[in-house]
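Undergrad: The following block contains a protein sequence and its predicted model.
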There are 2 protein chains.
Amino acid sequence: MRDSPSNHPAATLDRTEDSPTRLRDSAAGRENVTVTEPSRLRSRPTMDDVAAVAGVSRGTVSRVLNGGHNVSRQALAAVERAISKTGYVVNQHARSLVTQRSGSVAFILSEPQDKLFEDPNFNNLLRGCTQVLAEHDITLLLTVAATGEDRQRIGRWVTAGHVDGALLVSNHLGSPLIAELKERGLPFVVCGRPLGQERDVTYVASDDRDGARQMTEYLRSAGRRRIAIITGPLDTPGGVDRLAGYREIVGHGDPELIATGDYTQASGEAAMARLLEQAPDLDAVFVCSDLMAAGAITTLQRAGKRVPQDVAVGGFDDNKIATTTKPLLTTIRQPWARQSAEMVRLLLAHIDGEAHSAVILPTDLVIRESA
Amino acid sequence: MRDSPSNHPAATLDRTEDSPTRLRDSAAGRENVTVTEPSRLRSRPTMDDVAAVAGVSRGTVSRVLNGGHNVSRQALAAVERAISKTGYVVNQHARSLVTQRSGSVAFILSEPQDKLFEDPNFNNLLRGCTQVLAEHDITLLLTVAATGEDRQRIGRWVTAGHVDGALLVSNHLGSPLIAELKERGLPFVVCGRPLGQERDVTYVASDDRDGARQMTEYLRSAGRRRIAIITGPLDTPGGVDRLAGYREIVGHGDPELIATGDYTQASGEAAMARLLEQAPDLDAVFVCSDLMAAGAITTLQRAGKRVPQDVAVGGFDDNKIATTTKPLLTTIRQPWARQSAEMVRLLLAHIDGEAHSAVILPTDLVIRESA
DNA sequence: GTTAAGGCTGTGAGCGCTCACAGCCACCAT
DNA sequence: ATGGTGGCTGTGAGCGCTCACAGCCTTAAC
């Protein structure tokens, strides 16, 4: 059929019926190969195969694949039949090579892997991003950069064109990934304020400082006078900004009222124990994550303190665990759904060439039982 | 330099010093563009740019990139200098288009997302696979196929050539993914016995049946006579095979001694409550996952039963939670490290064209306090 | 009846790379 | 001198696709 290009499509359509679906010259009969077929993808049908079967040209097949505009109904039907007949699947590499788009973005978690599984925040975020991206028919690839070596490999991988952009989550101070992506010109958006690297990067953050302020203010207005704090790691925005908000209310704060955790439940338990030793008279504690707060409550109760009568406890995040502690946790709600939606929106905009920007999302105080 | 191809490389090497690194004709001076640079990757340097800067040919650059064999020391040095000068990164799409390899494999989790975060087994598996693959310089991409729609999109994505192979985790009976991948000829290996689809698929599984047998036999040898079981979902191999192992020891089993959970802690609690109602005289329970076992212990203790004095509890998995329950959990150890190592090994072998095969890994009884 | 407009089509070029090949040189053995 | 040999090099073809273009053909407009 290729040798008579001026044929009417309609004239050749029927001819496909009597010739078996042949993929490449040598591929005939490879359908029922042995069980141990090497399964290399060598002889996958190409657009030309589909075109030949459908009795149209490569271009028409391409048009069908890309929305089907300006294609006659017969041609469209013929191509669709040919596609399912041949089992054709587009070769994304070839497509990406010319379009410069891959149709997927990376979700890069710079965190030891267990954290990913312990901290429900990542879960929320991941779920939100996957969902919003799916609406744009974009696949989200999760990669965990636990070690420095991982980060290097992933940096290389990401900039090699595998993805159109990246979502950076849980970046600690001085993470080299931001600098690298920036240098390579790959669009990305950071979750949380990128400490020390705010310039020229797009990020979406909750208003950590204001949230901390709200909680501390609330504790104080409830009559608490010795308000302690368990912060997150001080090389993360959630660590420093929430501490800053706390200080806005209490002043610089007694050093013995300050302890630092790493967002895990165990670290919350330990930090609380330290605080109790340093300042046995504390009557409130603002714990900068719900998970740590759950740990803190355990320690307090084990030490014979009643929550909230003896010590009020405030958390941060408002995720699932806040509704399973005893007493229920008073906390600051982070708008995870909006957070992920905004991240995706900005990333797509950025991929389309829009300018950098930063979005700060408001947080709310959720009052339950623990304070 | 391109116009005098017969120049000796050495003669042109120095010339690169006085001409600024020009990427494409129009790209000169684009380095310090405004903050709002569209960040499209259009003008990324190509191999030709590198070759021009280094004063060698495209072929030599390619050779350097692929191991540097048969390249003179001067050429090698020149190319390396040119690469870092231009900031060249290989375009993976172009490379994959010809090599038919992408250098990454997918880890496909067919499971609602929260499971991923709750069940430590996935964590173990993921960690192991990432690590082993990294040794081969292959990136692992995690995709979560929560809904049927997800599965479709991922199926398309995976078969479009984005990955060289796939690791399928947590497949329920009748998952269409297996059939699709098989049809497309994409190499993959399944974690756990693929119920009803064992033919012609490569999989790695623990010996669920034998593990269950060991545990049940142990409980019985400890003098327990009313041994209940909390199974996993009966459309998973861990569900049916462990039940089968249990039945090998106790006979068909009283229906009131059998309850089913979904591997979550909450489902373990609920299933235990049901059992207690159906068969208040039970003196042992074999719970088919540690997470569920932790839930079951909670329910038992809440009901005033002592573990193990009144009711012995056996788990399955031997993951972290088994060492944090009170009492410590007697359980069946699954060899997660070997599991992931074998999966990767088989996948790589399969990608290289080897035949299908199945590997069954032995399990061990770990005696602690709960039984 | 001529022209313009537009729907539908095939074709060529080219995305950035790898791989096979051929050519060149220097060196060795005959 | 002749003929390998092997290290190092450049070149052409082609991976499977998209996109711009040109060439139909049909219809509407004057």
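TA: Sure thing, it's come through. Residues are numbered from 1 along each chain as shown, chains lettered A, B, ... in the order given.

Undergrad: So is stretch A:314-326 next to chain B?
TA: No - Stretch A:314-326 lies out of reach of chain B by CB under 8 Å from any CB of the partner chain, never closer than 8.9 Å. C-beta coordinates here come from the backbone N, C-alpha and C atoms, glycine included.

Undergrad: ditto for stretch A:330-342
TA: No - Stretch A:330-342 lies out of reach of chain B by CB under 8 Å from any CB, never closer than 12.7 Å.

Undergrad: any idea how far DNA strand C is from residue A:249?
TA: Going from residue A:249 to DNA strand C by CB to the nearest atom of the strand, to the nearest Å gives 55 Å.

Undergrad: What is the burial count for that residue?
TA: 19 (other CB atoms under 10 Å in any protein chain shown).

Undergrad: Could you list the contact residues of chain A toward DNA strand D?
TA: Proximity of chain A to DNA strand D (CB under 7 Å from any atom of the strand) is limited to residues A:42, A:44, A:46-48, A:58-59, A:62, A:65-66, A:88, A:90-91, A:94-95, A:97-99.

Undergrad: and DNA strand C, which of those residues contact it?
TA: Near DNA strand C, by the rule CB under 7 Å from any atom of the strand, you find A:58, A:59, A:94, A:97, A:98 out of these.

Undergrad: need those residues in a markdown table with distance to residue B:292 and neighbour count, can you?
TA: Converted to a markdown table, those look like this (distance: CB to CB, whole Å; neighbours: other CB atoms under 10 Å in any protein chain shown):
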| residue | distance to residue B:292 | neighbour count |
| --- | --- | --- |
| A:58 | 55 | 13 |
| A:59 | 57 | 11 |
| A:94 | 47 | 17 |
| A:97 | 49 | 17 |
| A:98 | 51 | 8 |
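
Undergrad: ok, which pair from those residues is furthest apart?
TA: A:59 and A:97 (17.5 Å; CB to CB).

Undergrad: Would you mind listing the residues in contact with residue A:120?
TA: Counting by CB atoms under 8 Å, 6 or more residues apart in numbering or on different chains, residue A:120 makes contact with A:291, A:317, A:319, A:320, A:321, B:117.

Undergrad: what do you get for residue A:58?
TA: A:47, A:48, A:51.

Undergrad: Mind doing that once more with 10 Å?
TA: By CB atoms under 10 Å, 6 or more residues apart in numbering or on different chains, the residues touching residue A:58 are A:46, A:47, A:48, A:50, A:51, A:52.

Undergrad: And it, how close does it get to chain B?
TA: Distance, residue A:58 to chain B, by CB to the nearest CB, to the nearest Å: 16 Å.

Undergrad: ok so, going back, format the ones next to DNA strand C among the residues of chain A next to DNA strand D as CSV; extra columns: pLDDT and secondary structure.
TA: Output for these, formatted as CSV (pLDDT from 0 to 100; DSSP: H, G, I helix; E, B strand; the rest coil):
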residue, pLDDT, secondary structure
A:58, 93, helix
A:59, 93, helix
A:94, 93, helix
A:97, 91, helix
A:98, 92, helix
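
Undergrad: can I assume residue A:365 sits in a strand?
TA: Yes - counting by DSSP: H, G, I helix; E, B strand; the rest coil, residue A:365 is located in a strand.

Undergrad: related to what we said a few turns ago, which of the contacts of residue A:120 scores worst on pLDDT?
TA: By pLDDT, residue B:117 ranks lowest within those, coming in at 66.

Undergrad: okay but residue A:369 is in contact with residue A:314, surely?
TA: No - contact criterion CB atoms under 10 Å: residue A:369 and residue A:314 do not qualify, at 11.4 Å.

Undergrad: more crowded one of these two?
TA: Set residue A:369 next to residue A:314 and count neighbours by other CB under 10 Å: residue A:314 wins out with 32 against 13.

Undergrad: Could you list which residues are in contact with the more buried one?
TA: Here residue A:314 is in contact with A:212, A:214-216, A:218-219, A:222, A:224, A:227, A:229, A:284-288, A:290, A:293, A:308, A:329-332, A:365-368, A:370-371 (CB under 10 Å, 6+ apart).

Undergrad: if we go to 6 Å?
TA: A:215, A:219, A:286, A:330, A:371 (CB atoms under 6 Å, 6 or more residues apart in numbering or on different chains).

Undergrad: where do the strands sit along chain A?
TA: Taking DSSP state E to define them, one finds strands in chain A at A:104-109, A:139-144, A:165-169, A:188-191, A:202-206, A:227-231, A:258-260, A:284-287, A:312-314, A:331-333, A:358-361, A:364-366.

Undergrad: that older thread, which of the contacts of residue A:120 sits closest to residue B:266?
TA: Relative to residue B:266, the closest of those is residue A:320; by CB to CB it sits at 11.5 Å.

Undergrad: Could you report the neighbour count for that closest one?
TA: Residue A:320, neighbours per other CB under 10 Å, totals 12.

Undergrad: ditto for residue A:326
TA: Around residue A:326 there are 12 residues (other CB under 10 Å).

Undergrad: Show me the residues of chain A next to DNA strand D that map onto helices.
TA: A:47, A:48, A:58, A:59, A:62, A:65, A:94, A:95, A:97, A:98, A:99 (DSSP state H).

Undergrad: Next, count neighbours for the closest residue to the fifth one other than its chain neighbours.
TA: Once its chain neighbours are removed from consideration, residue A:62 has its nearest residue in residue A:47; the separation is 6.5 Å (CB to CB, 6 or more residues apart in numbering or on different chains). Using other CB under 10 Å, the number of residues around residue A:47 comes to 22.

Undergrad: Now do the same for residue A:47: its pLDDT.
TA: At residue A:47, the model reports a pLDDT of 93.
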